[in-house]
Structure formats: C-alpha cells, structure tokens
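Undergrad: attaching a predicted model along with its sequence, questions to come.
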Amino acid sequence: MAISFIASAVASASPNTGAAITLPTGSMATNDLILIAAAVADTTNNALAAPTEGGYTDVVGSTLYSNDVNDINLNVFYKYWNGTDTTASFAAVGGSNASNVLVCMVFRAVRLAPDGGPFTTTST
C-alpha cells in the first residue's frame, strides 16, 4: 500500500494560553502517522515543547527560528496514533504579545519505527 495523506487540522491560541489541536480522528486508524508543526511568534526566543499527551518525538533538526526584533520558532513533532488520543495540547509559551499556531497532518501506511520508519521513502 502506498503512503497516503488522510486528513489535516489547524489551531491557534491567543497570547500566553495553551494551544490545543483537535485531531481528525474520524478519518484516522491506529498507527497512522501524526505530524504536528507547532510555531510561536514572540518578541523573545521561545519554542513549544512536545504535546502534553506524551509519546510525541521532536523531529531532530526541526527547530527553525528567526531571531531579530520579532522571533518565530517552529518545531515539528510526530507520533503514531494510539487509537485513543483526540487532541494534542501544548503548554502556554510566550508573553502578552505572543501567538501560537498548530498544523496537523496525518498519513497512513508509513513504516513503523521498529521497521525503520517513519522517515523513509518506502511505504508498507
């Protein structure tokens, strides 16, 4: 089976509040790969930590940032869906002028970690 895109979702949060994204569970199956890009913009250097639900891995080298008058940090996290999680929640980051945004993409037939996944080009 070829790797296929299943669904996506977006969310944002107002300054200094936690950000949460509702996973598109109606389209998902156990072991689908969840990728979440999490960004925070602020006047100081901040980054969002992994979702509080646990099991997410920060993609090594994914932290992208621009540090000048306005700082924007972007991290990418992944997890294979356990069949029960319905949200991915991030702790509040930034001050009264910060904003957070989340983008979730779900893919099916991506190799599981024990099989060499998820970042290989061969589908299961």
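TA: Cool, the structure landed. Here the structure is a predicted model, which is why all the values come from computation and not from measurement. Numbering: from 1, shown residues only.
Undergrad: rest of the way, CA atoms for contacts and neighbours
TA: Will do.
Undergrad: helix or strand with the lowest mean pLDDT in this structure?
TA: strand 64-66 (a mean of 65; mean pLDDT, DSSP states H and E).
Undergrad: can you name every helix or strand that the helix or strand following that strand contacts?
TA: Going down the chain from strand 64-66, the next helix or strand is strand 71-80, by DSSP states H and E. Helices and strands touching strand 71-80, by 3 or more CA pairs under 8 Å, 6 or more residues apart in numbering; DSSP states H and E, are strand 33-42, strand 57-58, strand 64-66.
Undergrad: so which of the ones you listed is nearest Val76?
TA: strand 33-42 (4.4 Å; CA to CA).
Undergrad: what about the closest one, average pLDDT?
TA: Mean pLDDT, computed over strand 33-42, is 90.
Undergrad: quick one: it to chain centroid distance?
TA: Strand 33-42 sits 4 Å away from the centroid of its parent chain (CA atoms, centre = their mean, to the nearest Å).
Undergrad: report the backbone C-alpha coordinates of that strand in PDB.
TA: C-alpha atoms of strand 33-42 as PDB (Å, rounded to 0.1, in the frame of the first residue of the first chain):
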ATOM      1  CA  LEU A  33       1.500   8.900  11.500                       C
ATOM      2  CA  ILE A  34       0.600  12.300  13.000                       C
ATOM      3  CA  LEU A  35       2.900  15.200  12.100                       C
ATOM      4  CA  ILE A  36       2.400  18.400  14.000                       C
ATOM      5  CA  ALA A  37       4.100  21.700  13.100                       C
ATOM      6  CA  ALA A  38       4.000  24.000  16.100                       C
ATOM      7  CA  ALA A  39       5.000  27.600  15.900                       C
ATOM      8  CA  VAL A  40       5.200  30.500  18.300                       C
ATOM      9  CA  ALA A  41       5.900  34.100  17.500                       C
ATOM     10  CA  ASP A  42       7.000  36.500  20.200                       C
END
